[in-house]
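**Student:** Using only what follows, build the 3D model:
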Amino acid sequence: MFAKVKSTVFIDTLRLHLSAKADSVLKAVLKDDKGSACSSMETIMPNEDHEMEWTGLSTLPYGVYTLELSDGIEEMQMRLVKRV
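**Tutor:** Next up, the predicted model:
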């Protein structure tokens with residue numbers, strides 16, 4: 001596992017602790033319970049251990065989401081809950 005979410009429940013921001021190879025490209029997609037992509041981002045890892053905040057999620061409706069992460073080598077999914 002190359003990412004850990006600080007909390008599986010979020011309101012408007014996701015906080016991630018990432019451990020991936022420096023300079024690797026991290027791709028993240030947040031999907032709703034129907035599998036539709038609601039938000040996505042792509043960033044370059046500045047170093048092997050990195051904390052990241054994904055902001056701007058306050059407009060999403062509350063519910064269950066799946067966070068899909070890929071660093072080019074590994075892929076992972078996490079179940080998250082958006083609350084109001």
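
**Student:** dump the residue contacts of L69.
**Tutor:** For L69, the contacting residues are 2-3, 26-28, 75-78, by Cβ atoms under 8 Å, 6 or more residues apart in numbering. Heads up, the C-betas are built off the backbone N, CA and C, glycines and all.

**Student:** Kindly recompute the last result at 7 Å.
**Tutor:** Shown here is L69, whose contacts under the criterion Cβ atoms under 7 Å, 6 or more residues apart in numbering are 3, 26, 28, 75-76.

**Student:** could those residues be laid out in JSON lines, adding neighbour count?
**Tutor:** As requested, these are arranged in JSON lines below (neighbours: other Cβ atoms under 10 Å):
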{"residue": "A3", "neighbour count": "19"}
{"residue": "L26", "neighbour count": "20"}
{"residue": "A28", "neighbour count": "20"}
{"residue": "E75", "neighbour count": "11"}
{"residue": "M76", "neighbour count": "12"}
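
**Student:** nearest to S19, of those?
**Tutor:** Of all these, the one with the least separation from S19 (Cβ to Cβ) is A3, at 7.6 Å.

**Student:** so the closest one makes contact with L18?
**Tutor:** Yes - using Cβ atoms under 7 Å, A3 and L18 qualify as a contacting pair, with a distance of 5.1 Å.

**Student:** those helices in the chain, which residues are they?
**Tutor:** Per DSSP state H, the chain carries no helices over any range.

**Student:** Please, where are all the strands along it?
**Tutor:** Ranges of strands within the chain are 3-5, 9-10, 14-19, 25-32, 37-44, 49-54, 63-70, 75-82, based on DSSP state E.

**Student:** okay if I get the ones you listed as a markdown table plus mean pLDDT?
**Tutor:** Rendered in a markdown table, the data for the strands of the chain read as follows (pLDDT from 0 to 100):
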| stretch | mean pLDDT |
| --- | --- |
| strand 3-5 | 85 |
| strand 9-10 | 94 |
| strand 14-19 | 86 |
| strand 25-32 | 93 |
| strand 37-44 | 92 |
| strand 49-54 | 83 |
| strand 63-70 | 95 |
| strand 75-82 | 95 |
